[in-house]
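# coordinates only, sequence not included:
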């Protein structure tokens, strides 16, 4: 008897979850009007205008910057040592790494072609 009640309870719970899932996924948005798909072009334009204004403000701030290069003449900066290690030149690979290798008898060149 307990097993039968458990099954009924699980089925009822699944139906309730399915109902709320369906209503959540397919609910009508009050701002969208009668159409399922709508685009508010004024909102996009105003968002783009705001982004454009922000970008212009950032550019004007960057253009008004002046850098003081006396730092590079400072004796402390000049006394710094460069401990970088030079990287040796290496051979460059093939021009087209995907082109077939000619003149070799490797595993890729052996075998018969199908479709003859």
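Ah, there it is. All values derive from a computational prediction rather than experimental measurement. Numbers count the residues shown, from 1 in each chain.
# Quick check: the spatially most central residue of the chain vs residue 61, distance?
With distances taken as Cα atoms, centre = their mean, the residue of the chain nearest its centroid is residue 51 (20.1 Å). Using Cβ to Cβ, to the nearest Å, residue 51 is found at 16 Å from residue 61. Placement of C-beta: from N, CA and C, glycine included.
# Let me see the ranges of the helices in this protein.
Using DSSP state H, the helices found in the chain span residues 2-25, 41-63, 75-78.
# what's the distance between residue 48 and residue 55?
Distance, residue 48 to residue 55, by Cβ to Cβ: 10 Å.
# Ok, residue 2 next?
With Cβ to Cβ as the criterion, residue 2 and residue 55 are 67 Å apart.
# out of the two, which sits in the more crowded spot?
More neighbours surround residue 55 than the other of residue 2 and residue 55, with 10 against 6 (other Cβ atoms under 10 Å).
# From residue 67, how far out is that one?
Counting by Cβ to Cβ, the gap from residue 55 to residue 67 is 22 Å.
# Against which helices or strands is the lowest-mean-pLDDT helix or strand in the chain packed?
When the helices and strands of the chain are compared on mean pLDDT, DSSP states H and E, helix 41-63 comes out lowest with a mean of 80. Where contact means 3 or more Cβ pairs under 8 Å, 6 or more residues apart in numbering; DSSP states H and E, helix 41-63 is not packed against any helix or strand.
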